[in-house]
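# quick check, what structure comes out for this input:
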Amino acid sequence: MYSIGPLTVAPGERAQGLIPVGTSTYGVELGIPVIVVNGVEPGPVLCVDAGVHGDEYDGQEAIRRVLAETDPATLRGTLVGIPCMNTPAFEAAARTSGLDHANLNRIFPGDPDGSYSFRLAATFVEQVVPAIDVLVDLHTGGTFGEIAPLTIVQGGYEDLVTGIGLAAGHELIWKGGKWGGTVRHPTLAAGKPAITIEVGGGTYRESNVALHADAVRNIMRHLGMVDGDVELRDRYTAVTGTFARSAAGGFFVSHTEPGEQCKEGDLIGQVVDHYGTTLEEVRAEWDGIVLWVRRIRTVRPGDEVVIFGAVEGEITP
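Model prediction:
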């Protein structure tokens, strides 16, 4: 038997339900929606989550599709899907929850006595992390921007996570996360592999759903959960990311696309006023790769407009 939150699932069975976190002001139970497929043969427990930010949609649909197509009769281990971690943020069609406006991706491990988002993070750490062996966290650039397909492998944990990071299949490996508080952090702290996969954004695209779903399937092959050869690239590019922020408010005009290479000094974008006068130019700080580009054209002083990626080297499997 496999148990997570309120669910207990026999081998060869599937189940779904809500790990409760709290109750809304209108009496609706809020929590973490979970889908479980428990294989008939032993193996690892892989958890795949999406919707930490409510305006990132592609990963949510990818999880539902992979869970629906996974046959427990041929599965080794257990597949746990959390299609939408942050349901209040999804309801608001926003990056953050409308309940407390906290960024869930910066507050793990949370606080069981805090506001809803902090309680949500704490519930995940208390009830999900002990019940899984591996975590794959699916993201997009959200409403505000679009990101090149890449995998974030937390610095300092390379030995633990590089294998699943390469199996995700994206050429760009971001040795990342100078910031803390992501869902990866408490999972890694528990000694369990955890990566974040970023694809697309700005809108919902079936092509991005497919990229996320393919990454999860290949990771399942890597973990031996399903049959099939693991597909690996001949080489991967290791990058680090730096956020560039605008000094001026106005209309952001982008001159690059995510994944494009750039040279130091190249014009990446500019901020103009309503008359078309250039208020600020955004130029590449070094030779590298543009990882993320702002799609929402309204920009205020201090807003993120681009993420530059400095190439750190190559990784060969």
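# residue 257 and residue 292 touch, don't they?
No - contact between residue 257 and residue 292 fails when scored by CB atoms under 8 Å: they sit 10.6 Å apart. Every C-beta, even on glycine, is put in place using the N, C-alpha and C of the backbone.
# need the residues touching each of those two.
Taking CB atoms under 8 Å, 6 or more residues apart in numbering as the criterion, residue 257 and residue 292 both touch residue 146.
# the two: which is more packed in?
residue 292 (26 against 10; other CB atoms under 10 Å).
# give me the beta-bridge partners of that one?
Note on residue 292: beta-bridge partners residue 147, residue 307, judged by DSSP bridges.
# doesn't residue 147 make contact with it?
Yes - with contact defined as CB under 8 Å, residue 292 reaches residue 147; the gap is 4.4 Å.
# anything in contact with each of those two?
Jointly contacting residue 292 and residue 147 under the rule CB under 8 Å, 6+ apart are 141, 201, 258, 307.
# out of those residues, which sit inside strands?
Judged by DSSP state E, the subset of the shared contacts of residue 292 and residue 147 located in strands is 201, 307.
# distance of the nearest residue to residue 228 once chain neighbours are set aside from residue 136?
In this structure, residue 228 finds its nearest non-sequential neighbour in residue 221, 4.7 Å apart by CB to CB, 6 or more residues apart in numbering. Between residue 221 and residue 136 the computed distance is 13 Å (CB to CB, to the nearest Å).
# SS state for the residue nearest to residue 228?
helix (DSSP: H, G, I helix; E, B strand; the rest coil).
# so which elements touch the helix or strand of the chain with the lowest mean pLDDT?
The helix or strand of the chain with the lowest confidence, counting by mean pLDDT, DSSP states H and E, is strand 172-176 at a mean of 89. Packed against strand 172-176, as judged by 3 or more CB pairs under 8 Å, 6 or more residues apart in numbering; DSSP states H and E, are the following elements: strand 145-154, helix 158-167, strand 236-245, strand 288-294, strand 304-315.
# give the buried residues for that strand.
With burial defined by 16 or more other CB atoms under 10 Å, the residues of strand 172-176 counted as buried are 172, 173, 174, 175, 176.
# in whichever strand or helix holds residue 218, which of the residues would be classed as buried?
Using DSSP states H and E, residue 218 sits within helix 206-222. Within helix 206-222, the residues scored as buried using 16+ other CB under 10 Å are 208, 209, 211, 212, 213, 215, 216, 217, 218, 219, 220, 222.
# now these in TSV, with distance to residue 113 and pLDDT?
Shown next, in TSV, are the buried residues of helix 206-222 (distance: CB to CB, whole Å; pLDDT from 0 to 100):
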residue	distance to residue 113	pLDDT
208	37	97
209	37	98
211	39	98
212	34	98
213	38	98
215	36	98
216	34	98
217	39	98
218	40	98
219	35	98
220	37	98
222	39	98
